[in-house]
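Novice: model the structure of this input:
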Amino acid sequence: MSSTNSNPSMASLLRNRFVQTIMTAGLFIQIGIWIRNFAILLFVTEKTDGDALAVSLISVAEFAPIFIFSFIGGTFADRWRPKRTMIWCDFLSAISIFIILIALLFGTWKAVFLATFVSAILSQFSQPSGMKLFKIHVPREQMQTGMSLFQTMMAIFMIIGLILGTFVFQQFGIYISMAVVGIAFLLSALVLTLLPPDRMEEKDERETSLWHEIKLGFQYVWSRKILVTLGGGFMAAGLGLGLIHPLAIFLVTERLGLEEGYLQWLFAAHGAAMIIGGTAAMVFSNRIAPHILLMLGMGSMAAGIFVMGWSTMFWLTLMAEFIIGLFMPALHIGINTIILNNTDEEFVGRVNGILTPLFMGSMVITMSLAGLLKEQFSLFAIYLTSAALFVIGILIMLPMFRMPKTAETE
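Specialist: Next comes the predicted model:
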């Protein structure tokens, strides 16, 4: 399956041609995404004088495609050649950015919303293809360490991405910012051409209809107890996270009695902790089973959210946020490793396409209710409910400890 030897060390993982290529492409993608997101956010805020509806539409453009296209994208990722799919997605993202840049030059500023929307759609096809390639080209014993590597890169960009996106927009404006985004996507597509060739047996399996393959995807997930269990935990976590996601600013201003600017220190603590947690995960992940990592992440979320809702002291809230960030990589690494270890290669896209909307859909449901609930209940009650939902998620996923370590068939 891979040219890499079976030595699970980080050094041998970094010698894997696939990992080198996908990490380099991921670097360009992260640069493009963060510059795009912050340039558009600051541009729209500037154009509309901070209109809340206009700013919220950016989030709609980012999250809506996850519901609409996640499972369709996952199904096509299983049908199409994954390398070619990823290259075309990045190339089309770049083309869409340049088209939008032309529209901006002719004065149609509202076209910036399409930049996020189109890229978000294409990512629903590209991301499961990347997961599938990871399954093919990374040895099983290195899977968890590889996931740790990705999480560390994501954590680093949670800190430098905000600075980078803001700097590029403030120094060069929206036109140069969007041009840089387009070039970053093009460079990612170019780097992805260095991936090992797609396997010939994946070339064509189109005798079955798309609808039939969608049904097979749901049947496959339902037939694997570990995936059903993971889906239940996903829903509980999504409900819990959605409850508090819009209320962070009120935690600072009402619960702590501080100015809004203190929120950035919570974000900074979270990002710094994620870098530390991701690095630690790279070192120790092979010694810890993925379901243990997942439970550590869920448990830290439950405890951290409870403390944040209960605390009236800034230092304690900051510490709770740090603890959440520290174990967040463990949560993501555990989830992705469990999915890849327990999913046959030809179903990776569809499994990813089913489980992701479960989390995002649950999150959006409670996000939409958070404002109404805040009018009826105290912040502490809402944060306590969120923590309880994570505990419920842990209880739902406890049977995984009694399941076989893998249900995978080679």
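Novice: the longest helix in the chain is where?
Specialist: helix 143-192 (DSSP state H).
Novice: any idea which helix or strand comes after that one?
Specialist: Later in the chain than helix 143-192, the nearest helix or strand by DSSP states H and E is helix 210-223.
Novice: now residue 49: how far from residue 119?
Specialist: Residue 49 is 26 Å from residue 119, where distance means C-beta to C-beta, to the nearest Å. To be clear about C-beta, it is placed using only N, CA and C from the backbone, and glycine gets the same treatment.
Novice: neighbour count winner among these two?
Specialist: Between residue 49 and residue 119, residue 119 has the larger neighbour count (other C-beta atoms under 10 Å), namely 27 against 7.
Novice: which residue is the nearest non-sequential neighbour of the more buried one?
Specialist: residue 93 (4.9 Å; C-beta to C-beta, 6 or more residues apart in numbering).
Novice: give me the distance from the one helix or strand the one you found maps to to the chain's centre.
Specialist: Residue 93 is located in helix 82-105, with elements delineated by DSSP H and E. Centroid separation for helix 82-105 versus its chain: 20 Å, with C-alpha atoms, centre = their mean, to the nearest Å.
Novice: now swap in stretch 364-374 and tell me
Specialist: 21 Å.
Novice: ok, and for it, which residues are buried?
Specialist: Applying a neighbour-count criterion of 16 or more other C-beta atoms under 10 Å, the buried positions in stretch 364-374 are 364, 366-367, 370, 374.
Novice: got any ranges where the stretch 1-150 of the chain has weak pLDDT?
Specialist: Low-confidence segments of the stretch 1-150 of the chain, defined by pLDDT under 70: 1-11, 50, 52-53, 55-56.
Novice: the same query, at a cut-off of 90, please.
Specialist: For the stretch 1-150 of the chain, the stretches with pLDDT under 90 are 1-20, 22-23, 34, 36-83, 96, 99-150.
Novice: now do the helices in it.
Specialist: Under the criterion DSSP state H, counting those that start in this stretch, the stretch 1-150 of the chain contains helices at 10-14, 17-48, 52-79, 82-105, 112-137, 143-192.
Novice: what is the fifth one packed up against?
Specialist: This points to helix 112-137. helix 17-48, helix 52-79, helix 82-105, helix 143-192, helix 314-341, helix 348-376 (3 or more C-beta pairs under 8 Å, 6 or more residues apart in numbering; DSSP states H and E).
Novice: cool, and the third one?
Specialist: Other elements packing on helix 52-79 under the criterion 3+ C-beta pairs under 8 Å, 6+ apart are helix 17-48, helix 112-137, helix 210-223, helix 348-376.
Novice: try it again with 10 Å
Specialist: helix 17-48, helix 82-105, helix 112-137, helix 210-223, helix 348-376 (3 or more C-beta pairs under 10 Å, 6 or more residues apart in numbering; DSSP states H and E).
Novice: and those helices, which is most packed in?
Specialist: helix 112-137 (a mean of 23; mean count of other C-beta atoms under 10 Å).
Novice: now do that helix against helix 314-341, angle only.
Specialist: With axes from the mean of the first three to the mean of the last three C-alpha atoms, to 10 degrees applied, the angle from helix 112-137 to helix 314-341 works out at 60 degrees.
Novice: tell me the pLDDT at residue 203?
Specialist: On pLDDT, residue 203 comes in at 44.
Novice: same question, residue 199
Specialist: In this model, residue 199 carries a pLDDT of 69.
Novice: and the residue at the greatest distance from the centre of the chain, its phi and psi?
Specialist: Distance from the C-alpha centroid of the chain peaks at residue 106, with 33.9 Å (C-alpha atoms, centre = their mean). Main-chain dihedrals, residue 106, degrees, to the nearest 10: phi -100, psi 10.
Novice: what does stretch 47-65 rub up against?
Specialist: Stretch 47-65 is contacted from outside by 33, 37, 40-41, 43-45, 72-73, 109-110, 112-124, 174, 360-361, 363-364, 367, using C-beta atoms under 10 Å, 6 or more residues apart in numbering.
Novice: kindly recompute the last result at 8 Å.
Specialist: Outside stretch 47-65, the residues within contact range by C-beta atoms under 8 Å, 6 or more residues apart in numbering are 37, 40-41, 44-45, 109, 113-114, 116-117, 120-121, 123-124, 360, 364.
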